[in-house]
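Colleague: coords below, sequence missing:
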């Protein structure tokens, strides 16, 4: 459920259908399954091909059949929404720190990002991507806070 929440908060447009492994240690007969995620390039306002997209998806589910099916089960949906709401509240209070970290990383990576963008002929600059990412982070926190709390209210008897 935390994995699901992280990827919907980041507006991941790719991982849900194929870009993860489900792993369980065969030497531990009662071990829990672990999700190993990969290929998260279609997140935070970026499409898989590098194009900027509006980070306005308002879904708490992934785009895969499994999450949509499991979240139709009332008990799981309630737990998921409660967990998500508590995480979004905690993350929102840390948004300033997240944005400060973005500034720090951008300052360090800007020359490399610009070279990469020229190499891949994206027609963007590191400054363009920085602004898009900052806006996406702010937008995603606000959207998902609203979505989760609205979903919880509609669940009330």
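Modeller: Good, I have the coordinates. Note that the structure is a prediction, hence the values are computed from the model and not measured.
Colleague: okay, and the helix or strand of the chain with the least pLDDT?
Modeller: Using mean pLDDT, DSSP states H and E, helix 15-18 stands out as the lowest-scoring helix or strand of the chain, at a mean of 74.
Colleague: Name the residues that touch the next helix-or-strand element following it?
Modeller: Next helix or strand after helix 15-18 toward the C-terminus (DSSP states H and E): strand 20-23. Residues from elsewhere that reach strand 20-23, judged by CB atoms under 8 Å, 6 or more residues apart in numbering: 3, 33, 34, 35, 36, 37, 38. For the C-beta atoms, the positions are set from N, CA and C on the backbone; glycine is no exception.
Colleague: and those, which two are the farthest apart?
Modeller: The most widely separated members of the contacts of strand 20-23, counting by CB to CB, are 33 and 38 (16.1 Å).
Colleague: Helix, strand, or coil at residue 151?
Modeller: Three-state assignment for residue 151 (DSSP: H, G, I helix; E, B strand; the rest coil): helix.
Colleague: what about it, neighbour count?
Modeller: By other CB atoms under 10 Å, 17 other residues sit near residue 151.
Colleague: Residue 53 and residue 47 touch, don't they?
Modeller: Yes: the pair residue 53 / residue 47 is scored as a contact, 4.9 Å apart, by CB atoms under 8 Å.
Colleague: quick one: which of the two has more around it?
Modeller: Between residue 53 and residue 47, counted using other CB under 10 Å, residue 53 has the larger neighbour count: 17 against 13.
Colleague: ok, and for the strand or helix carrying residue 131, which residues are buried?
Modeller: Per DSSP H and E, residue 131 falls inside helix 126-155. The neighbour-count check on helix 126-155 (16 or more other CB atoms under 10 Å) flags 126, 129-130, 132-134, 136-137, 139-141, 143-145, 147-148, 151 as buried.
Colleague: likewise stretch 114-122?
Modeller: 117, 122.
Colleague: Residues contacting that stretch, please?
Modeller: Taking CB under 8 Å, 6+ apart as the rule, stretch 114-122 contacts 50, 123, 124, 125, 126, 129.
Colleague: Excluding chain neighbours, what is closest to the last one?
Modeller: It stands for residue 129. residue 113 (6.3 Å; CB to CB, 6 or more residues apart in numbering).
Colleague: Lovely, talk soon.
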